[in-house]
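> based on what follows, work out the 3D shape:
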Amino acid sequence: MLCFLHHPKEELRRNQGASLLGTLCTGPYLDMEKTTRWFQILVKAAWVFLPQSRHCRLTVLPSRRSCKLRLTSASDSTLLIEMVFGVQQDDSDTFLSIE
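Here you go, the predicted structure:
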């Protein structure tokens, strides 16, 4: 996926479509809250297709800066998961969290 911060808007539109820009960005910048909400929606939609969904219940917990999930098994044991988003810095192995 092209970097929203380092590519001209016209190039992004040609290669990714304006709808993704509007979904994830505010102006030329990646918007953390929009990105989090988009990811939460995708996780919920994909969960129903996984075999585990028959045995565990997925709950997306409120969060504006990360994706927090709770998996609850049929026996009521729970697993809490928090995914923090980040971007790669140049071509390095360094990732910066988006806050």
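> and residue 24, how many neighbours does it have?
20 (other C-beta atoms under 10 Å). Using the backbone N, CA and C atoms, a C-beta is placed for each residue, glycine as well.
> the residue nearest to the spatial centre of the chain: which element?
Residue closest to the average C-alpha location in the chain (C-alpha atoms, centre = their mean): residue 39, at 3.1 Å. For residue 39, the host element (DSSP states H and E) is helix 32-47.
> can you map out the helices along the chain?
9-16, 18-24, 32-47 (DSSP state H).
> so what touches the last one?
Contact with helix 32-47 is made by 23-26, 53, 58, 60, 63-67, 69, 83, 85, 98-99, as judged by C-beta atoms under 8 Å, 6 or more residues apart in numbering.
> coming back round to it: roughly how far apart are the residue nearest to the centre of the chain and residue 95?
16 Å (C-beta to C-beta, to the nearest Å).
> what sits against the residue located most distally from the centre of the chain?
Residue farthest from the centre of the chain, counting by C-alpha atoms, centre = their mean, is residue 75 at 28.8 Å. For residue 75, the contact set (C-beta under 8 Å, 6+ apart) is empty.
> what do you get for the one 10 residues further on?
Residue 85 makes contact with 32, 35-36, 39, 66-67, 97-98, according to C-beta under 8 Å, 6+ apart.
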